[in-house]
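J.: sequence plus the predicted model coming up.
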Amino acid sequence: MPFEPGPVRPRRRGRTALLIAGAAVLGVVAGTCAGYLVQADREPTRLGPLSQPNLARAKGEGPEPLSAARDRRVKTDGDLRRLLLKKPSGAKDDDWLTGSDGWMDLAEYADTHEKPKVAFGYLGGGEFRRAAVTGWEGGGKSIVKARLVQFRQEETLAAAESAESGNYWAEDADSTDSWVIPGTGDGMAYVHNVPDTKAGYLPIYSAEAHAWRGDIAMEIWVYDAKPIPKKTILDLATRQMERL
């Protein structure tokens, strides 16, 4: 599925809005002029002393630093692959899994989108840091892929924007059911009821989930030759978010 910013629709501004904006500007200018004239006829106001009273210093020792178990950054700044879902017993590694030793660089991650060149520029500007990926083949024809995409977030909340973009495109698909991922607030899981069909191949059904926590965006994809139950994608998404 693509990872591109949705179309930005400019908000229409009517005549009333323009009049209000103009009035606000004129009000500021008029108020400034009136204040200047009033102040010009007054005696100068003496400034207060610059010195301030000494503040009482807190006593006692400061709080203890958070333990590794409670400090989320200790988890997310370490080996991100350890936070990925574990492959179920009996499942096989996904033969089509992209990434080297569970890592994906910017070019590899951008290449998973419909327009890799556009995604590459967008992700680079969005402070992409790294991505960890796992996947497996379950019973029958089912395939699961899970990604944790981490951003630097020095200027923007890129993880939230990434999840929002995934939700935008998932909701845009025809005949799609959706549910909130428990414990996430705005994380969503989707089941697409119309399969992707291609001559000479089995129809492929899909489900996906998008959520974020801190500087990490989560993506989960499930593919199967038969319709995918709601429980399957919701369970995967919930367990993955719990690991964060």
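T.: Nice, I can see it.
J.: touching stretch 170-189 from outside, list them.
T.: 1, 163-164, 167, 190-194, 207-213, 218, 230, 233-234, 237-238, 241-242 (CB atoms under 8 Å, 6 or more residues apart in numbering). In this view, the C-beta of every residue, glycine as well, is placed from N, C-alpha and C.
J.: buried sites along that stretch?
T.: Along stretch 170-189, these residues count as buried under the neighbour rule (16 or more other CB atoms under 10 Å): 170, 176, 181, 184, 187-189.
J.: farthest pair in those?
T.: Across the buried residues of stretch 170-189, no pair lies farther apart than T176 and T184, at 18.4 Å, counting by CB to CB.
J.: phi, psi for the closest residue to K117 other than its chain neighbours please.
T.: Of all residues beyond its chain neighbours, the one nearest K117 is A110 (7.8 Å), with distances taken as CB to CB, 6 or more residues apart in numbering. Note on A110: backbone dihedrals following degrees, to the nearest 10 are phi -60, psi -30.
J.: now the one 10 residues further on
T.: Phi and psi for F120, reported as degrees, to the nearest 10, are phi -60, psi -50.
J.: burial count for it?
T.: 17 (other CB atoms under 10 Å).
J.: what's the spacing between it and Y223?
T.: Taking CB to CB, to the nearest Å as the measure, F120 falls 24 Å from Y223.
J.: show me where the protein has helices.
T.: 15-40, 72-76, 106-110, 116-125, 158-171, 230-243 (DSSP state H).
J.: comparing those, which yields the minimum mean pLDDT?
T.: Of all the helices of the chain, the minimum mean pLDDT falls on helix 15-40 (a mean of 46).
J.: what about the residue nearest to K117, neighbour count?
T.: A total of 21 residues lie near A110 under the criterion other CB under 10 Å.
J.: was I right about it contacting A131?
T.: No - no contact is recorded between A110 and A131 when judged using CB atoms under 8 Å, the distance being 10.2 Å.
J.: can I get stretch 140-160 as CSV, trimmed to CA atoms?
T.: Extracted C-alpha coordinates of stretch 140-160, given in CSV (Å, rounded to 0.1, in the frame of the first residue of the first chain):
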residue,chain,number,x,y,z
GLY,A,140,-2.4,-22.6,4.0
LYS,A,141,-1.6,-19.5,1.9
SER,A,142,-1.5,-16.9,4.6
ILE,A,143,1.4,-14.4,4.9
VAL,A,144,2.1,-11.9,7.7
LYS,A,145,4.4,-8.9,7.5
ALA,A,146,5.1,-6.5,10.4
ARG,A,147,7.2,-3.3,10.4
LEU,A,148,8.3,-0.9,13.0
VAL,A,149,9.4,2.4,11.4
GLN,A,150,11.3,4.8,13.6
PHE,A,151,11.7,8.6,12.9
ARG,A,152,14.0,11.2,14.4
GLN,A,153,11.2,13.6,15.1
GLU,A,154,13.3,16.7,15.5
GLU,A,155,10.8,19.0,13.8
THR,A,156,7.6,17.0,13.2
LEU,A,157,5.6,14.2,14.7
ALA,A,158,6.5,11.9,11.8
ALA,A,159,5.4,8.6,13.4
ALA,A,160,1.9,9.9,13.9
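J.: now it: buried residues?
T.: Buried residues in stretch 140-160 (16+ other CB under 10 Å): 142-151, 153, 158-160.
J.: I'm done for today, thanks for sticking with me.
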